[in-house]
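1. Structural data only, the sequence is not supplied:
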């Protein structure tokens, strides 16, 4: 897919080397096509890594996409160069009067905190409320999914006895759902979290459907019936080494951490991890762009409501 991003963004070089069709803004402006406008509220600490991961999976359909990167004003990342943030990111105030076909709200390393204790919680509440009228479909990932389920439906996250950490098998509950169309009967996805969402809490909200789940990792893909809100409790966007780097980081901090399950061959941390989720990630992100947005979003973007 021709994804429209600035040539200077690090992801442009990374994805071009992977033979992904990346279009610079100058070329895109010569095409008589209305691209999908997708905003990414990037709450991850290493923002450049998260950009590369998400843009890779937004690059798997023939639809042209224009990406706007957002950061919070109430908290500034300490792990991303300020020059990068100033050059490529917007604050919510700069886009609050715009409409977007899609919005992605990422995870964040704050899941053991109460939602209201997070520095940018009030700002995030404002963005999630705004998304109900200014975005056609919002995709929430990991902590972003937990935060949105809490804000929109008062579903509280629950602590786990031990970290859900590794790559787990999942099943599709309904093969005819647009978002999960094409997934294998059993597919894999990474998880990395200390909290979870109770299945019964979701089932008690009539507008929500559980589209995919795992016997060990729990509910995975949840969506409103109209697909205007989607919640993914894991990390389909992760790279091959992401879980490995998280594991080594925690070891170096002296934290108690188990080897990620179903990840290293024979649990040998010196072996290259096996990627079991790339195909599923391409399908889910592609389905979101195509079926949940492109086929249904108004052609005149100002008509989103």
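-> Done, it's in. Just so we're clear, the structure is a prediction, and the values are computed from it rather than from any experiment.

2. Pull the contacting residues for residue 130.
-> 92, 96 (CB atoms under 8 Å, 6 or more residues apart in numbering). Quick note: C-beta positions are derived from backbone N, CA and C, even for glycine.

3. Secondary structure element holding it?
-> In the assignment (DSSP states H and E), residue 130 maps to helix 121-134.

4. moving C-terminal of that helix, what's the next helix or strand?
-> Downstream of helix 121-134, the first helix or strand assigned by DSSP H and E is strand 135-141.

5. From the contact counts, what lies against that following strand?
-> If you count contacts as 3 or more CB pairs under 8 Å, 6 or more residues apart in numbering; DSSP states H and E, strand 135-141 packs onto strand 100-105, helix 143-153, strand 229-232.

6. Direction-wise, compare it with helix 121-134 and give the angle.
-> Angle of strand 135-141 versus helix 121-134, following axes from the mean of the first three to the mean of the last three CA atoms, to 10 degrees, is 140 degrees.

7. What's the mean pLDDT across stretch 212-225?
-> Across stretch 212-225, the average pLDDT comes to 98.

8. Name the residues that touch it?
-> The contact list for stretch 212-225, computed with CB under 8 Å, 6+ apart, reads 145, 149, 164, 168-173, 177, 179-180, 183, 187, 189, 191, 196-197, 199, 202, 207-211, 229-234, 284.

9. Just put the helices and strands packed on strand 135-141 in CSV and tack on mean neighbour count.
-> Below are the helices and strands packed on strand 135-141 laid out as CSV (neighbours: other CB atoms under 10 Å):
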stretch, mean neighbour count
strand 100-105, 25
helix 143-153, 22
strand 229-232, 26
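
10. For burial, what's the neighbour tally of residue 14?
-> Using other CB atoms under 10 Å, residue 14 is surrounded by 18 other residues.

11. got the contact list for it?
-> residue 52.
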